[in-house]
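Engineer: need a 3D model of the following:
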Amino acid sequence: MDPFNFPIRGRSWQARLRRFSLFSLLAFSTLGAGFVLAQAGADPSAAVAQAAADPAGSAVLVGADGERFGVREMFAQADLVVKSVMVLLVLMSLLSWAILFEKLITFAAARRRNQQFLRSFRAGPGAQLEEQASASALGRMWLASQAELRHFGQHRGSNVSADQINRLLQRMALTASIVQERDLARLGGMMGVLATIGATAPFIGLFGTVWGILNSFAGIATAKSASLAVVAPGIAEALLATALGLFAAIPAVMIFNKFARDINGFVGSLDNFSAELLASVSRQFDEGH
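Structural biologist: The predicted structure is shown next:
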C-alpha cells in the first residue's frame, strides 16, 4: 500500500457538494445575466430627460411613495455595467456562504474523526484502530508511519543501532508530515477564494458606484437640470453597488479569519500527535532492548 495515498472517506460527498454549489452559482449567474439583458433596453438618459422635463411629476413618482423606489427599482433602473457589477457581487456573496456551510460540515467531521481515532490510539493497538485509521487525518498519519516501521522491520538486521533508530524516527516524521500537509491542503481548499472576495469586493462595488455616478452626472448635463429629483435616483443606484460590495466582503473576511484559526488549531493538533506517535515508537524500542 502506498503510504502517501490512503483513501479519504467523505471526499466523494464533498466533491458532490462543491459541484452542486458551483452549479447553483452558474444557474444564478445565468438568470441574473438574462435579467440584466432584459432590462438593458431601458434607456436611463431617457428617464433623466423625462424627470428634467417634469421634475414635479418625477418627485411625486419617487417621493410620494418611498416603497416604490426600493432595491428592486434601483437595480432595474441602473446602468448595464452597474447591473453586471451588482449581479457579480451577489454571486460572490452566495459563494462565500456556500463555502461557509461546506467548511462547517468538513471541519466538524474531521474534528470528530480525529478525536475518535486519538481515543483508540491511546487505548492501545487493536483491530478497531486499523478500521478507523483511514477515516481521519491522524489515522492516515499513523498508517504512513506504520508502513515505514514495517519496512524497517523487514529490512533491518539482527542488531539495531541507535543511529538506525534515529533515522527511522526521522523517516516516520517525514512521511507523517507529507500526509499531514495533504490533509491541511484539503481543509484549506477555497480559502484563497474567500481571501480574494474579501479583498476585491469593495473595489468592485466602488467601480460600480463611480460608473453609476458618472452616468448620473452625464444625464444631468444632457438634461441641463440639477434638480434633486433628477440627481437622487442615479446616485442611490450607484451607491447600492458599494453597499453590495461591503455585503459580499465583510462576511468573506469573517469566514476566512474563522477557518484560518481553525486550520491553525488543526496544525497544532496534528503536530502534537506526530510527536506523541514518535515518542510511542521510541518507547517501544527502548522497552524491547
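
Engineer: what about G234, helix or strand, and which?
Structural biologist: Using DSSP states H and E, G234 falls within helix 228-288.

Engineer: now the helices for the stretch 1-150 of the chain?
Structural biologist: Ranges of helices within the stretch 1-150 of the chain are 11-39, 44-53, 55-63, 71-77, 80-123, 127-133, 137-155, based on DSSP state H, counting those that start in this stretch.

Engineer: and the ones you listed, which one averages the lowest pLDDT?
Structural biologist: In terms of mean pLDDT, the lowest-scoring of those is helix 55-63 (a mean of 39).

Engineer: contacting residues for F203?
Structural biologist: Listed by C-beta atoms under 8 Å, 6 or more residues apart in numbering, the contact partners of F203 are G245. (Each C-beta comes from the backbone N, C-alpha and C, glycine too.)

Engineer: find the helix or strand that it is a member of.
Structural biologist: helix 191-223.

Engineer: quick one: buried residues of that helix?
Structural biologist: 191, 194, 197-198, 201-202, 204-209, 211-213, 215-216, 219-220, 223 (16 or more other C-beta atoms under 10 Å).

Engineer: ok, now stretch 269-276?
Structural biologist: For stretch 269-276, by 16+ other C-beta under 10 Å, it's 269-270, 273-274.

Engineer: from the chain's centre, how far out does that stretch sit?
Structural biologist: Averaged C-alpha coordinates place stretch 269-276 at 27 Å from its chain's average position (C-alpha atoms, centre = their mean, to the nearest Å).

Engineer: now the helix holding G234 against helix 191-223, angle please.
Structural biologist: 170 degrees (axes from the mean of the first three to the mean of the last three C-alpha atoms, to 10 degrees).

Engineer: show me what helix 228-288 is packed up against.
Structural biologist: With contacts defined as 3 or more C-beta pairs under 8 Å, 6 or more residues apart in numbering; DSSP states H and E, helix 228-288 has these neighbours: helix 44-53, helix 55-63, helix 71-77, helix 80-123, helix 137-155, helix 162-187, helix 191-223.

Engineer: isn't K103 up against F259?
Structural biologist: Yes: when contacts are counted by C-beta atoms under 8 Å, K103 is listed as touching F259 (5.4 Å).

Engineer: residues near the nearest residue to W211 once chain neighbours are set aside, how many?
Structural biologist: Of all residues not flanking W211 in the chain, V81 sits nearest, at 5.2 Å (C-beta to C-beta, 6 or more residues apart in numbering). If you count neighbours by other C-beta atoms under 10 Å, V81 ends up with 16.

Engineer: same deal with A232?
Structural biologist: With other C-beta under 10 Å as criterion, A232 counts 17.
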